[in-house]
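Novice: below: sequence and its predicted model.
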Amino acid sequence: MYPRILDIGPVTIHTYGLLLALAFITGIWFTSRKAQQEGLDPDKIWNMGFIVIVSALVGAKILLFLSDFSYYSQNPREILSLYTLRSFGVYYGGLLLSLGAAAWYLRKSGLPGWKVSDLAAPGIALGQSIGRLGCLSAGCCFGKPTKMPWGLTFTSKYAYDNVGVPLNIPLHPTQIYESIATFALFLYLMWRLRKRHFTGQIILEYLMIYSVLRFIIEFYRDDDRGFVLHDLLSTSQFIGILTAIASLALFVYLRRRTPQAQS
């Protein structure tokens, strides 16, 4: 675990930030490449990618504040604290706002929305896989204590000061769990793109499968991330349920509207 790559005077280059940037760039590059193969303008995909990056960062922070509103409302100074500013936020907030922003741009630019979404789905999963390695380097999104042989022990005082990860205790490597799961999802979606499918099917499969994966992984996490329904579910689990239901409904609707799946 290396939360810092380089210190240059007062400037610190964090591994998390570098991997997060790599995750965004990789996802956008992959999508633009697939779009170009389908005869679409790759420059428009890069423009959309910039909008997605900004929306993801803003949306993740907004949901971070909402999921822990009681704390931030009582401690408004923490909104601009070092921990909050360095935190990416809640992934689902970034995902939902970026999907909305991307839909707006696709409509404005005249690109086929569902088709581009299908082409983007594998890139999103690949970006997540890389991004979770950034979480691992920073120590955030950490897991519960475990006695399993693959438990991960963090020792960086710097990481503890920044994200509060427990030190010298074996923890579930939840960051690795999600990185592996989303990389497997990336491979699956790549395979699905080459098979017969109806327009919109790939992105909806991504949303449904990721919701299930995230729901399960959340049980092993131990970081402070907000809970609902009398602490029965984490914020991400609750949003994941809603996302899965909405995606399934759209899946059925589009499938019925397209009697014969397209290749």
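Specialist: Here it is on my side, so go on.

Novice: just checking, which helix or strand succeeds the host helix or strand of A159 along the chain?
Specialist: Element membership for A159, per DSSP states H and E: helix 157-163. Past helix 157-163, heading to the C-terminal end, the next element that is a helix or strand (DSSP H and E) is strand 170-171.

Novice: show me what contacts I239?
Specialist: L63, Y92, L96 (CB atoms under 8 Å, 6 or more residues apart in numbering). In short, each C-beta sits where N, CA and C put it, glycine included.

Novice: please enumerate the strands of the protein.
Specialist: Taking DSSP state E, the strands of the chain run over residues 4-8, 11-14, 152-153, 170-171, 227-228, 233-234.

Novice: out of these, which gets nearest to A21?
Specialist: When the strands of the chain are compared by CB to CB, strand 11-14 sits nearest A21, at 10.4 Å.

Novice: coming back round to it: ok, so of the contacts of I239, who is nearest W150?
Specialist: For W150, the closest of the contacts of I239 turns out to be Y92, at 26.5 Å, with distances computed as CB to CB.

Novice: what is the burial count for A184?
Specialist: Other residues lying near A184 total 14 when counted by other CB atoms under 10 Å.

Novice: same question, G27
Specialist: With neighbours defined by other CB under 10 Å, the count for G27 comes to 25.

Novice: surely it touches L119?
Specialist: No - counting by CB atoms under 8 Å, G27 stays clear of L119, with 11.2 Å between them.

Novice: with only the CA atoms kept, save the helix holding A159 in CSV.
Specialist: Written as CSV, here are the backbone C-alpha positions of helix 157-163 (Å, rounded to 0.1, in the frame of the first residue of the first chain):
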residue,chain,number,x,y,z
LYS,A,157,-0.1,6.2,9.5
TYR,A,158,-0.6,8.6,6.6
ALA,A,159,-3.5,6.5,5.4
TYR,A,160,-5.0,6.3,8.8
ASP,A,161,-4.8,10.1,9.3
ASN,A,162,-6.5,10.6,5.9
VAL,A,163,-9.2,8.0,5.7
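
Novice: if we can go back for a sec, point out the least confident one among the contacts of I239.
Specialist: For these, the least confidently modelled position is Y92, at 75, judged by pLDDT.

Novice: turn the contacts of I239 into TSV, columns for neighbour count and distance to A23.
Specialist: Formatted as TSV, the entries for the contacts of I239 read as follows, by neighbours: other CB atoms under 10 Å; distance: CB to CB, whole Å:
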residue	neighbour count	distance to A23
L63	24	18
Y92	23	16
L96	20	18
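
Novice: in helices, which of those residues fall?
Specialist: Members of the contacts of I239 lying in helices (criterion: DSSP state H): L63, Y92, L96.

Novice: output the residues you listed as CSV; include the columns distance to L189.
Specialist: Shown next, in CSV, are those (distance: CB to CB, whole Å):
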residue, distance to L189
L63, 24
Y92, 19
L96, 19
